[in-house]
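Trainee: Fold the following, please.
(one chain, ligands or ions: 1)
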Amino acid sequence: MPEQPTLLERVCRGERGERVPIWIMRQAGRYLPEYRELRRHVDFLTATKTPEVAARITLQPIERYPLDAAILFSDIMTPLEAMGVAIDFSPGPVVREPVRTPAAARALRDLDPEEGTGYVLDALRIVRSELASDRALIAFAGAPFTLFCYLVEGAGSKDFMEARRFLQAEPTAAAHLLDILGASMARYLVAQASAGADVLMLFDSWAGLLGPDAYRRFVLPVLRRTVAAVREEVDRPFIYFANGGATLLEAAAEVGADVLGIDWTLPLSRVVARLGPTAVLQGNLDPAALFAPRDDLAAAVDAVLDEGSGAAGHVFNLGHGIHRTTDPDQVAFLVDRVRERSESIAPSSAPAR
Ligand code: CP3
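Mentor: Numbering: from 1, shown residues only. Just a heads-up that it's a prediction; the model follows:
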């Protein structure tokens, strides 16, 4: 018999939930002392490539907090190695030979997820078997443009000027590169769903570098194909997060995801005003709010819940990844606050679970 869908899955699909589900971007990571302790003995790459270790780290925040989802401990750059790209982490990704020519773009191999990223699929299987059935397991991939940014630039950057130059100067090679990335990430997400992931997510961390016209021209078509390719194979709620996407909102809504992740710069009520009341949203507490005194943090949490109540569904999250200097006790307070407040304001007609 199939399991009942989790609260997160139901809310992602626009069904009424008994409360607002919560998980936290980068919830498995360096702000947790148990993560730092484990990382003393194993480097980042080895941790992501050893299924038992990746599964352990994925479950660390779940053991500490009553979160509604686990997100696999991995990185958006992880699958690129199996496409022929050598990557180091220090701590952000560094591409040993950046892709700067059409020939280099053509040399990229299509991803075969079973063969190239079997350790990711094994980690998902372990987590799903250990995770309570009422918690969702989220798998993710980098969105084509964000992966393109790292591949061309070679490392993190404020403005990814090399990547944006390549996009304009070599549009044919750029389109080819984006296509390979999109098709490969679609296969990667399908494989992750088959390995037990309940919810799929695309991180477009650098989408906000593009204006709406460039986004529509270079990025939106490949994103639409990526999501459609996944949907042809598996039926899973899909979250698309475009960081810095305030000016891209209407275009991002055309990607075809069930849920749009919103960064903290745009109040959720403004998103609903622009996209209409059928939008399902994820977000968007400022990660810096976790450094505020308790009363101010509580007020900020309540404001996000209030802002999100006009959407067809709201998944509570931060507006971007949690900062590594965050106090874990503040996170405990945040998670409890969201659970308590949203339970008390949930419509009484919501089905009990
Ligand atoms: O959310 C989670 O808990 C799952 C794990 C996860 C990591 N990276 C682990 C990680 C996820 C979802 C990512 C995605 C990711 N990686 C993104 C998209 C999300 C975003 O923040 O916009 C991006 C842009 C990357 C690239 C990346 N990887 C950067 C910029 C860095 C260094 C900066 C940082 O936050 O440390 C990494 C390394 C990385 N990925 C770490 C972790 C826990 C730190 C490595 C360490 O522990 O030394």
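Trainee: Now this structure against the ligand: closest residue?
Mentor: As assessed by Cβ to the nearest ligand atom, the ligand sits closest to Ser205 within the chain, at 3.1 Å. Using the backbone N, CA and C atoms, a C-beta is placed for each residue, glycine as well.
Trainee: Pull up the residues of the stretch 101-250 of the chain that are close to the ligand.
Mentor: 140, 156, 203, 205, 243 (Cβ under 6 Å from any ligand atom).
Trainee: what do you get if the cut-off is 5 Å, keeping everything else the same?
Mentor: Within the stretch 101-250 of the chain, the positions near the ligand by Cβ under 5 Å from any ligand atom are 203, 205.
Trainee: For the stretch 101-250 of the chain, which segments are assigned as strands?
Mentor: Under the criterion DSSP state E, counting those that start in this stretch, strands of the stretch 101-250 of the chain are mapped to 136-142, 199-204, 238-242.
Trainee: can those strands go into TSV with extra columns for mean pLDDT and mean neighbour count?
Mentor: Compiled in TSV, those are given as follows (pLDDT from 0 to 100; neighbours: other Cβ atoms under 10 Å):
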stretch	mean pLDDT	mean neighbour count
strand 136-142	98	25
strand 199-204	98	26
strand 238-242	98	26
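Trainee: Find me the pLDDT at the residue of the chain closest to the ligand, would you?
Mentor: With respect to pLDDT, Ser205 scores 98.
Trainee: if I look at the residue nearest to Ser184 when sequence neighbours are not counted, how far off is Val280?
Mentor: Excluding the flanking residues, the one nearest Ser184 by Cβ to Cβ, 6 or more residues apart in numbering is Leu111, at 3.6 Å. Remark: distance between Leu111 and Val280 (Cβ to Cβ, to the nearest Å) = 29 Å.
Trainee: between these two, who's got more neighbours?
Mentor: Leu111 (25 against 22; other Cβ atoms under 10 Å).
Trainee: Might one say that that one is in contact with Val120?
Mentor: No: using Cβ atoms under 8 Å, Leu111 makes no contact with Val120, being 11.0 Å away.
Trainee: which residues do those two both contact?
Mentor: In terms of Cβ atoms under 8 Å, 6 or more residues apart in numbering, Leu111 and Val120 are both contacted by the residues Pro79.
Trainee: got the residues of the stretch 251-353 of the chain near the ligand?
Mentor: Near the ligand, when you scan the stretch 251-353 of the chain using Cβ under 5 Å from any ligand atom, you find Gly321.
Trainee: can you map out the helices along the stretch 1-150 of the chain?
Mentor: Under the criterion DSSP state H, counting those that start in this stretch, the stretch 1-150 of the chain contains helices at 7-12, 33-39, 44-49, 51-64, 102-106, 113-116, 118-130, 144-153.
Trainee: Lowest mean pLDDT across the ones you listed, which one is that?
Mentor: Across the helices of the stretch 1-150 of the chain, the lowest-scoring stretch is helix 102-106, with a mean of 91.
Trainee: May I see the buried residues of that one?
Mentor: Using 16 or more other Cβ atoms under 10 Å as the test for burial, helix 102-106 gives 104-105.
Trainee: Could you check how far Val271 is from Leu249?
Mentor: 6 Å.
Trainee: my read: Arg125 touches Ala197, true?
Mentor: No: with contact defined as Cβ under 8 Å, Arg125 does not reach Ala197; the gap is 10.0 Å.
Trainee: okay, these two: which has more neighbours?
Mentor: Higher neighbour count among Arg125 and Ala197: Ala197, with 26 against 14, using other Cβ under 10 Å.
Trainee: For Phe238, see how far away the more buried one is.
Mentor: As judged by Cβ to Cβ, Ala197 and Phe238 stand 11 Å apart.
Trainee: again, but for Cys149
Mentor: Separation of Cys149 from Phe238 (Cβ to Cβ) stands at 22 Å.
Trainee: so what's the closest residue to Ala155 other than its chain neighbours up against?
Mentor: In space, Ala155 comes closest to Val94 once its chain neighbours are excluded; the distance is 4.8 Å by Cβ to Cβ, 6+ apart. Shown in contact with Val94 (Cβ under 8 Å, 6+ apart): 87-88, 154-155.
Trainee: try 10 Å
Mentor: For Val94, the contacting residues are 77, 86-88, 150, 154-156, by Cβ atoms under 10 Å, 6 or more residues apart in numbering.
Trainee: mind listing the helices for the stretch 251-353 of the chain?
Mentor: Under DSSP H, counting those that start in this stretch, the stretch 251-353 of the chain gives helices at 268-275, 294-308, 328-345.
Trainee: ok, of these, where does mean pLDDT dip lowest?
Mentor: helix 328-345 (a mean of 94).
Trainee: State the pLDDT value of the residue nearest to Thr247 when sequence neighbours are not counted.
Mentor: In space, and not counting its chain neighbours, Thr247 is closest to Pro212: 5.7 Å by Cβ to Cβ, 6+ apart. What the model reports for Pro212 is a pLDDT of 97.
Trainee: So Pro212 sits against Phe218, correct?
Mentor: No: taking Cβ atoms under 10 Å as the definition, Pro212 is not a contact partner of Phe218, at 11.4 Å.
Trainee: ok, those two, which is more surrounded?
Mentor: It is Phe218, of Pro212 and Phe218, that has more neighbours when counted by other Cβ under 10 Å, with 20 against 15.
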